[in-house]
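>>> This is a predicted model, with the sequence first.
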Amino acid sequence: MRLSHVGVVALVALFMSWGMVACGPGGTTDEAANQETVGADASTEVAPEISNKDEAQSKEEGPESTCATGQTDCSGTCVDTQTDSNNCGACGTACPSGQSCNAGQCECPSGQSDCSGTCVDTQTDNSHCGACGTVCPSGQSCKAGKCECPNGQTDCSGTCVDTQTDNSHCGACGTACASGQSCKAGKCECPSGQTDCSGACVDAQTDSKHCGACGTVCPAGTTCKAGKCECPTGQTLCGGKCVDAQTDASHCGACGTACTSSQDCKAGACVCKAGLTLCSGACVNTQTDGTHCGACGTACKSNEVCSSGTCLIGSCPSGQTKCGNSCVDANTDNNHCGACGTKCVTGQSCKAGKCECPTGQTLCNGTCLDTNTDVNNCGVCGTKCVTGQSCSSGTCKCPSGQTLCNGTCVDTNTDVNHCGACGTKCSTGQSCGSGTCKCPSGQTLCSGACVNTQTDNNHCGACGTKCPSVQSCSTGQCKCPSGQTLCGGACVNTQTDPNHCGACNKACGGGISCASGACQTPSCNSNPSFQTDIAPIFTNNCSGCHVGGSRGGFSINSNDIHGSIVNKTSGCNSKLYVKPGDVAGSYLVNKLEGVGHCGGTMPPGGKLPASTIQKFKDWICNGAKKN
C-alpha cells in the first residue's frame, strides 16, 4: 500500500517531534538533514523505516505507564499494592493463605498472629500459646494465652497431675509420699491400720520397734501384741525383764513385791523357807529363837536359851552361838550370819558365816540382782543402760537393727539425724532410706537443700543455674513470662516491642510502632514527587560516594536513581534499600535515622533535617513511585 502525500507529511512531522524529544536542544543536525531528504513524493518505504525507528526508541525509553494514580503496573495489570494480596507492597509479594493486604503489608485477621506464615489465635492455639512457638505440654490446653492443665490438675515439671491423689506430687509439686504410703486428699497416708513412723508405715499393734506408738521399743524377750510389749505366756514384764511372778523372789505375785531373805516365792506368794515358821510377820526358827521357842510367842527368860525348841538354863550346844537368849548357827542364820546381829539383806542367804546372793547374782546397793540382765546394773553395779537398750550377757545393747548414737538407740537406716552412721544428719527436706539421705522423688540436693530443678529459679535444670530476675524456671529452663522473649537480658513482647519487633534486635525505627510482630507503616502525611522532591536528596547529599561512586558497595546510577534504590537488596541483613509502601522495611530509612542499621548514619556529614527524612518516608509510604 502506498501513502498519500498528506500522510507522508504527517509522519515526517511526527518523526521530527520525536527527534526533538529524544535529543532536546543539544541534538545533532543529522536529523534535520534526514528531514530534508524526505520529499513530497517519497516512496512507500518511508513508513516502515519510521516505524522501526519509533520502535527502537520506544524500547530505549520503556513503556509509558497508563495506570491510575495510586496503582502500579504489575506484569501488565494495574493493581493497588496497598490492598492487593498477590502484590502486597510490591509486585509479586503474595500474602500467605489466610492473610490480607493492608497498607502494603500482609496481615492476619484481627485477633490472630502470623506464626511462621500461618495465622493463628495465640489465645487458644496449643502450638502457639501466648506467643509464636510456645507449645503447650502434652495434656495441657491453651486458654487466654496460657497453657493450663485440666480443671482439678496442676502443672508439675511439665506434667499435669492431680495433687490430691498423685504419690509423687501429694498436696504440692515435688512432695513425694514415702514407700508404702498413698496420697489421699492431698496428704500422704499409710494404709488403714498402720502408722507413719519416721517415713515408714508400721503396724503399731505388732511392731516391736514401734509398739503402741512410734519409737516404743519392746525389751529383749518380749513381743508386741495389741500395741503392748508382752512377755511369753506365764511371765510378767518387770523392770525391763520378763519374770515368773509365781516364783521370782524380787517380783513375787507382782512387779516390785520382794520376799525377804528368809522367804521363798511360791505360787506368787512369799512363804518362809523350809525349817522356818512365820511368827509376827517374820520367819523364825522355833528350834533356836528365844522369842518364839518351840512355838510362836513362847519366849525364854533372860537367863535361858532356846535349844531344840526348849528353853534351857545354861550354854548353847556345840556348834551354836548364843545371841541374846537364842542359840543360833552363825554359819547359816540370816539374822546372825558369822556373828550375832549380822543380818543378811533381802535376797541373800547365810552360807559358811557369810551373806551371799543366789548363784548368778551380785549385791548392788543392798539388793541381789543379775548383772547379766539388769538394765540398771549391767555387767557391774551402777552401769545403767540408756533408754531403749536392754542388758544381755552383762552388756547394754540396742534392739536388733539399731545403733547407739549420743545415748539413744536409733535405726541408722531411717533416722534423719544419724543416717548410715551416728552424726550423719540429712539436709532439710531429705529423708533417710537404707542408710542414705535422699531428697523426695523429683527433687535434687543443691547447696544443702532439696529443690525441684524443674521450677527452682536458683537451680534451674541443674544446681547453681540461676535464672535472671526477669525470668522464671519452667520445665528446667529459664523462661520469660508467657508471650515474652529474652532479648538483650530483658523479657520483651516481640509482638508489640518496637525495638524487637517480630524478633530480637529487629528495630522499627523512630516513631514506628510494632503490632502482631510487624512494624506498622505510619499514615502518609504528604505525597512528594520523586523527580522534584526525592531525587535531589541523593544528587545533593550522595554525589561522589554513591551517586557516581560505590562506597560501601552501594552505587547509585545518576541516570536511574529510582531503579538503583527501589526493591534493591542492601548488604545489611538483606533488607531492601526502598520497599514500596513499607517505611519500616526500607533500609535507607534506618540509615537516615541512625536506627537498626549496619555501619554509620548517612550522610556522614550529619543527619538530614527531620522534614527531609519525613518527605522521604512519605514518598515510600505512597508506594515509592517514579512520579
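Now that the structure is in, tell me what you want to look at.
>>> where does the residue of the chain positioned farthest from its centre fall, phi/psi-wise?
Most distant from the centre of the chain: residue 313, at 103.0 Å, with distances by C-alpha atoms, centre = their mean. Main-chain torsions, residue 313, degrees, to the nearest 10: phi -90, psi 120.
>>> ok, residue 434 - contacts?
By C-beta atoms under 8 Å, 6 or more residues apart in numbering, the contact set of residue 434 is residue 413. (C-beta placed from N, C-alpha, C; glycine too.)
>>> any idea how far it is from residue 414?
For residue 434, the distance to residue 414 equals 9 Å [C-beta to C-beta, to the nearest Å].
>>> about what we covered before: ok, the residue farthest from the centre of the chain to residue 301 distance?
Per C-beta to C-beta, residue 313 is found 8 Å from residue 301.
>>> Could you do residue 162 as well?
Residue 162 sits at a distance of 98 Å from residue 301 (criterion: C-beta to C-beta).
>>> So between those two, which is more surrounded?
Neighbour totals were compared for residue 162 and residue 301, and residue 162 leads with 15 against 10 (other C-beta atoms under 10 Å).
>>> so what's the more buried one up against?
For residue 162, the contact set (C-beta under 8 Å, 6+ apart) comprises 152, 153, 154.
>>> how many neighbours does the closest residue to residue 575 other than its chain neighbours have?
Spatial nearest neighbour of residue 575, chain neighbours left out: residue 587 (4.0 Å); criterion: C-beta to C-beta, 6 or more residues apart in numbering. Other residues lying near residue 587 total 24 when counted by other C-beta under 10 Å.
>>> and which of the contacts of residue 162 is nearest to residue 476?
Set against residue 476, the nearest of the contacts of residue 162 by C-beta to C-beta is residue 154 (17.1 Å).
>>> so the closest one sits right up against residue 173, yeah?
Yes: using C-beta atoms under 8 Å, residue 154 makes contact with residue 173 at a distance of 6.5 Å.
>>> More neighbours: which of these two?
Of the pair residue 154 and residue 173, residue 173 is the one with more neighbours under other C-beta under 10 Å, namely 20 against 15.
>>> For the strand or helix carrying residue 613, buried residues please.
Assigned by DSSP states H and E, residue 613 belongs to helix 610-621. Buried residues in helix 610-621, counted by 16 or more other C-beta atoms under 10 Å: 612, 613, 614, 615, 616, 617, 618, 619, 620, 621.
>>> which residue is nearest the centroid of this protein?
In the chain, the residue lying closest to the centroid (C-alpha atoms, centre = their mean) is residue 455, at 2.3 Å.
>>> Show me what the helix holding residue 613 is in contact with.
Residues outside helix 610-621 that contact it (C-beta under 8 Å, 6+ apart) are 521-528, 530, 533-534, 537, 578-583, 586, 588-589, 592-593, 607, 625.
>>> Weed out the non-buried ones from those.
Buried by 16+ other C-beta under 10 Å: 521-522, 524, 528, 530, 533-534, 537, 578-583, 586, 588-589, 592-593, 625, out of those.
>>> from those residues, which ones fall inside strands?
Using DSSP state E, no member of the buried ones among the contacts of helix 610-621 falls in strands.
>>> follow-up on the earlier one: the residue nearest to residue 575 and residue 576 touch, don't they?
Yes: with contact defined as C-beta under 8 Å, residue 587 reaches residue 576; the gap is 6.4 Å.
>>> anything in contact with each of the two?
By C-beta under 8 Å, 6+ apart, the residues touching both residue 587 and residue 576 are residue 570.
>>> what residues are shared contacts of residue 154 and residue 173?
With C-beta under 8 Å, 6+ apart, residue 154 and residue 173 have common neighbours 161, 163.
>>> In contact with the spatially closest residue to residue 501 that is not a sequence neighbour, which residues are there?
In space, and not counting its chain neighbours, residue 501 is closest to residue 514: 3.7 Å by C-beta to C-beta, 6+ apart. Applying C-beta under 8 Å, 6+ apart to residue 514 gives the contacts 494, 495, 496, 497, 498, 501, 502, 508, 520.
>>> Could you rerun that using 6 Å?
For residue 514, the contacting residues are 496, 497, 498, 501, 508, by C-beta atoms under 6 Å, 6 or more residues apart in numbering.
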